[in-house]
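Asks: after the sequence you'll find the predicted model.
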Amino acid sequence: MCSCVGIVGATRGGGVGPYSGLHGLQIDALQSVRMVTGTDSLLDVSATSHPDLWWGMRGAGFNFGIVTSATYRIYDFTNDGQAMNADFRFHASQNASLYEVAAPSPAHSPTLSPSTSLSPITRPSEA
């Protein structure tokens, strides 16, 4: 099971990550992409090669084609190369408090117009 998207997918969505404050967004480190367009063309796209498509890829990249490879600017190690990654998983029965917090309370309910409706947040059934 993969707990996240790959680097290229995250980049095409902007690329906010734990080092954004230090190095900027991942999209800012992207130097070029090789992509297949909807017209079945294989293009190398960068700021100097197909610049209009390059800026489109940086803003709405998922709409223009499939990226087959990407080139990034790299940075020196942070924290002497020490890194930690932790994924937390909880069984649905342990997530009840999240649904209780997210449920609308009468004291904070929005004023609804006749055309507005809210669906209650319910706890998913356990399989």
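Replies: That came through, no problem. Fair warning: this is a prediction, and the values are worked out from it, not measured in the lab.

Asks: now the strands for the chain?
Replies: With DSSP state E as the criterion, the chain has strands at 30-37, 42-46, 65-72.

Asks: mean neighbour count, those strands: which tops it?
Replies: strand 30-37 (a mean of 18; mean count of other CB atoms under 10 Å). Yep, even glycine has a C-beta here, placed from its N, CA and C like the rest.

Asks: partner residues bridging residue 66?
Replies: residue 36 (DSSP bridges).

Asks: please renumber so the chain begins at 413
Replies: In the new count, where the first residue is 413, that last one comes out as residue 478.

Asks: can I get the strands of the chain in a markdown table including distance to residue 467?
Replies: A markdown table is the format used below for the strands of the chain (distance: least, CB to CB, whole Å):
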| stretch | distance to residue 467 |
| --- | --- |
| strand 442-449 | 12 |
| strand 454-458 | 10 |
| strand 477-484 | 14 |
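
Asks: residue 435 is nearest to which of those strands?
Replies: strand 477-484 (10.6 Å; CB to CB).

Asks: which other helices and strands does that closest one contact?
Replies: Counting contacts by 3 or more CB pairs under 8 Å, 6 or more residues apart in numbering; DSSP states H and E, strand 477-484 packs against helix 419-424, strand 442-449.
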